[in-house]
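Q: Got a predicted structure plus its sequence, pasted below:
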Amino acid sequence: MSLNLGKILLLVLGSHRSGTSVVAKTLEVFGLNLGESLLGGNSESNPMGHFENLEVLKMDEEILNNLRTSWIDPKPLEDIWLLGEHTDSIRVGIRKLVDKLVFIDGISLLKEPRISLLIDLWGPELVRSDIDLRTVVVIRHPNEVAYSLLSRDRLNPIIGLHIWAQATINSIKFARKTKNCFVFYQELLESPIRQLDLVASILGLDFVKETNIFLSEQIKSELRHHQVNDEEESGLRVATEMYHYIRRFRNATDQDFPDVLLVEWQANLDKSMNAINMRSIRKFDNYFQQRDQLTQQRDQLTQQRDQLTQQRDQLTQQRDQLNQNLYAVLNSKTWRSFGWYRKVKKMFSKRQNNLDASLDATELDVGE
């Protein structure tokens, strides 16, 4: 990559589980700077890594805690809260963090999914005269996002669809202010080089193609654990309409995504959120709670079984040792020289029978 002088920041936006980590990893191989401390990967959900700056993650979590909410709440931030004086310190903190993350020379990359939900706070501190901001909006089929959130976080698919829609609306609304492009998750996995060429051409970046082999090895279709047909309808009408409309474009402009369209999407989303059947959501959550309880009971029974098995093995070992001792005693010349050795043999035999009975009872408990 040929680097231009000046502060260049590449912002990756998109909902959780939309593929922002894969995009960040893909862009990092070209020398973009993500910062020093990054959130590590997960062998199941994110084997390649999250590529999220820990300082940014910590700040976003603190903001959400102050709001008494979390990223799983799909409702947009209230204007009244955003205008409060208590947000001044938050904005100052964000500005200082941005100054720390954006280097004078080269291109820095910022990716943290919560920013898409908190863009009204982050946005003003990113759109600055001293930063050349360019935005990548990652788009994945809403059903795949919902299924992935269900698998990883046990999140109700209805909530997952609303999270996708809200994050996507926020991302597109902000991206229009900057030089931007869409990256479609499915296309990235199928043809990473072609997608990066599009990113480079739209954002005015110069990507070197010597990394083709690396990308071919790292970006694979196996990363797409939850795959649906691209034309599949989602359980949220507004999400389906949004996805199929966005698929027609390669970037967000005021002409293709006017305020009236975004306002309509937001109104439909708010209406859907208010109409959610909370009883069905609670029923869904109770199902997972009951499953967790049953799993815990199963683990406890397994532990008890292992303990009983261990006790049985110990009793078996003791019995075998007694048999060896008995055999040695009864067959020794010393004991055979006494006429009462048969009495001792009878005593040992009775003791062995009691031990055998205890062992049989233990095996019965283990079997049950």
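A: Cool, got the structure. Numbers count the residues shown, from 1 in each chain.
Q: Could you use CA atoms for every contact and neighbour count after this?
A: OK.
Q: For the stretch 201-350 of the chain, give me the ranges with low pLDDT.
A: For the stretch 201-350 of the chain, the stretches with pLDDT under 70 are 207-234, 277-289, 291, 334-348.
Q: can you list contacts of stretch 61-73?
A: 90, 114, 117, 159-160, 163 (Cα atoms under 8 Å, 6 or more residues apart in numbering).
Q: average pLDDT across that stretch?
A: Across stretch 61-73, the average pLDDT comes to 82.
Q: Can you point out the buried residues in that stretch?
A: Buried residues in stretch 61-73, counted by 16 or more other Cα atoms under 10 Å: 61, 63-64, 70-72.
Q: returning to what we had before: in CSV, list the contacts of stretch 61-73 along with pLDDT and distance to Leu10.
A: Shown next, in CSV, are the contacts of stretch 61-73 (pLDDT from 0 to 100; distance: Cα to Cα, whole Å):
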residue, pLDDT, distance to Leu10
Ile90, 87, 22
Arg114, 92, 16
Leu117, 90, 18
Ile159, 87, 29
Gly160, 89, 26
Ile163, 92, 23
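Q: now, which of the residues you listed sits nearest Ile276?
A: Ile159 (9.1 Å; Cα to Cα).
Q: top of the contacts of stretch 61-73 by neighbour count?
A: Leu117 (30 neighbours; other Cα atoms under 10 Å).
Q: Quick one: residues contacting it.
A: Here Leu117 is in contact with 71, 76-77, 166-167, 170 (criterion: Cα under 8 Å, 6+ apart).
Q: Just the buried subset of those residues, written out for ChimeraX, thanks.
A: Buried residues within the contacts of Leu117, by 16+ other Cα under 10 Å, are selected in ChimeraX with:
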select :71,166,167,170
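Q: Can you tell me which of the contacts of Leu117 is nearest Asp153?
A: Nearest to Asp153 among the contacts of Leu117, with distances taken as Cα to Cα, is Trp71, at 11.6 Å.
Q: So the closest one: helix, strand or coil?
A: Taking DSSP: H, G, I helix; E, B strand; the rest coil as the rule, one finds Trp71 in the coil state.
Q: Tell me how far it lies from Gly14.
A: 12 Å (Cα to Cα, to the nearest Å).
Q: And for Ile158?
A: In terms of Cα to Cα, Ile158 sits 18 Å off from Gly14.
Q: Can you name the next helix or strand after the helix or strand hosting Tyr243?
A: Using DSSP states H and E, the element containing Tyr243 is helix 237-246. Downstream of helix 237-246, the first helix or strand assigned by DSSP H and E is helix 259-274.
Q: right, and the helix or strand after that next one?
A: helix 278-330.
Q: which helices and strands does that next one pack with?
A: Helix 278-330 is packed against helix 341-367, with contacts defined by 3 or more Cα pairs under 8 Å, 6 or more residues apart in numbering; DSSP states H and E.
Q: repeat that for 10 Å
A: If contacts are counted by 3 or more Cα pairs under 10 Å, 6 or more residues apart in numbering; DSSP states H and E, helix 278-330 sits against helix 157-175, helix 333-336, helix 341-367.
Q: If Val183 is in a bridge, with which residues?
A: Val138 (DSSP bridges).
Q: thought it was touching Thr26?
A: No - contact criterion Cα atoms under 10 Å: Val183 and Thr26 do not qualify, at 11.4 Å.
Q: Identify the contacts common to these two.
A: 20, 192, 196 (Cα atoms under 10 Å, 6 or more residues apart in numbering).
Q: can you redo those as CSV with secondary structure and pLDDT?
A: Shown next, in CSV, are the shared contacts of Val183 and Thr26 (DSSP: H, G, I helix; E, B strand; the rest coil; pLDDT from 0 to 100):
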residue, secondary structure, pLDDT
Thr20, helix, 89
Pro192, helix, 79
Leu196, helix, 80
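Q: Quick one, which of those are buried?
A: Of the shared contacts of Val183 and Thr26, these count as buried by 16+ other Cα under 10 Å: 20, 192, 196.
Q: In JSON lines, list the residues you listed along with distance to Arg248.
A: Output for those, formatted as JSON lines (distance: Cα to Cα, whole Å):
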{"residue": "Thr20", "distance to Arg248": "20"}
{"residue": "Pro192", "distance to Arg248": "19"}
{"residue": "Leu196", "distance to Arg248": "18"}
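Q: nearest to Gln317, of these?
A: Thr20 (57.6 Å).
Q: Leu205 and His244: what is the separation?
A: 28 Å.
Q: How much space separates the nearest residue to Gly19 once chain neighbours are set aside from Pro142?
A: Among residues not flanking Gly19 along the chain, Tyr185 sits closest, at 6.0 Å (Cα to Cα, 6 or more residues apart in numbering). According to Cα to Cα, Tyr185 stands 11 Å off from Pro142.
Q: anything in contact with each of these two?
A: Ser18.
Q: Who has more neighbours out of these two?
A: Set Tyr185 next to Pro142 and count neighbours by other Cα under 10 Å: Pro142 wins out with 31 against 22.
Q: Test my guess that that one contacts Gln166.
A: No - using Cα under 10 Å, Pro142 is not in contact with Gln166, being 11.2 Å away.
Q: that older thread, more neighbours: Val183 and Thr26, which one.
A: Between Val183 and Thr26, counted using other Cα under 10 Å, the more crowded position is Val183 (26 against 20).
Q: Quick one: end-to-end distance for stretch 9-19.
A: 19 Å.
Q: if we can go back for a sec, report the set of residues contacting both of Trp71 and Gly14.
A: With Cα under 10 Å, 6+ apart, Trp71 and Gly14 have common neighbours 113-117, 167.
Q: Tell me the one of those residues nearest Ile8?
A: Using Cα to Cα, these come closest to Ile8 at Ile115, 18.1 Å.
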